[in-house]
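Colleague: Predicted model and sequence below, questions to follow.
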Amino acid sequence: MASLWPRRSGGSPMGVGVGGFEREGDKVYLAREVLQGTYGKAADIFSFGMMMLETATNIVVPDQGEGWHRLRQEDFSQIDLSGLSAELIELIRSMMRMDPGKRVDVQMVYDHPVVARARTAMERAHAEALARGESTFAASPLAGVGEGFLDEILMGEAMDMS
């Protein structure tokens, strides 16, 4: 959700009405509780979990119908999770719990082993780029990653540095 948080009481630099939320976003990532007007950090965690699921499994997230509802009922039976590590599946499931109160918070996502390994790998790539005198963009996955990068992050396997 593209809302200012915490909510400001005055006017918004985004042109949002006083005290209101900007209602921007995509329904495919929407947490069920948002439909009842409950906005919060837990809804953002759900949306982030949905993006992780989409990216990790290369699915097209349903934008309506039974598939949309099943994902919001913790039913992942329509998704092939066989190529994912148990750690990553556990993280995604914990981010997409039906009950917002049972979802992990942002600190728990940050501290999760999969995220910690990604952070460590990116910090290492950044340091290596700086040591070579390259732009820090070279440390971005957008610039390309080395062989075994995803295995290291998702499976916890050490990269072959040879």
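Modeller: Everything's here; your move. Numbering: from 1, shown residues only.
Colleague: Please name the nearest non-neighbouring residue to residue 113.
Modeller: Closest residue to residue 113 in three dimensions, ignoring its sequence neighbours and counting by C-beta to C-beta, 6 or more residues apart in numbering: residue 87, at 5.7 Å. From N, CA and C alone the C-beta is placed, and that goes for glycine too.
Colleague: and what of residue 135?
Modeller: Nearest to residue 135 is residue 129, by C-beta to C-beta, 6+ apart, at 7.0 Å.
Colleague: Residue 116 now?
Modeller: With sequence-adjacent residues excluded and distances taken as C-beta to C-beta, 6+ apart, residue 116 is closest to residue 110, at 7.9 Å.
Colleague: tell me which element that neighbour is part of?
Modeller: Assignment of secondary structure by DSSP states H and E places residue 110 within helix 106-111.
Colleague: I'd assumed residue 143 was in contact with residue 126.
Modeller: No - because the distance of 11.2 Å does not satisfy C-beta atoms under 8 Å, residue 126 is recorded as not touching residue 143.
Colleague: What average pLDDT does the single longest helix found in the chain get?
Modeller: Among all segments of the chain classified by DSSP state H, the helix with the greatest residue count is helix 113-131. Along helix 113-131, the predicted local confidence has a mean pLDDT of 89.
Colleague: Which strands or helices does that helix pack on?
Modeller: Packing contacts for helix 113-131, counted by 3 or more C-beta pairs under 8 Å, 6 or more residues apart in numbering; DSSP states H and E, involve helix 86-95.
Colleague: who's in contact with the helix it packs on?
Modeller: Residues from elsewhere that reach helix 86-95 (C-beta atoms under 8 Å, 6 or more residues apart in numbering): 45-46, 48-49, 52-53, 56, 74, 76, 81, 103-104, 108-109, 112-115, 154, 156.
Colleague: residues near the residue nearest to residue 113, how many?
Modeller: 16 (other C-beta atoms under 10 Å).
Colleague: same check, this time on residue 50
Modeller: For residue 50, the count of nearby residues is 21 (other C-beta under 10 Å).
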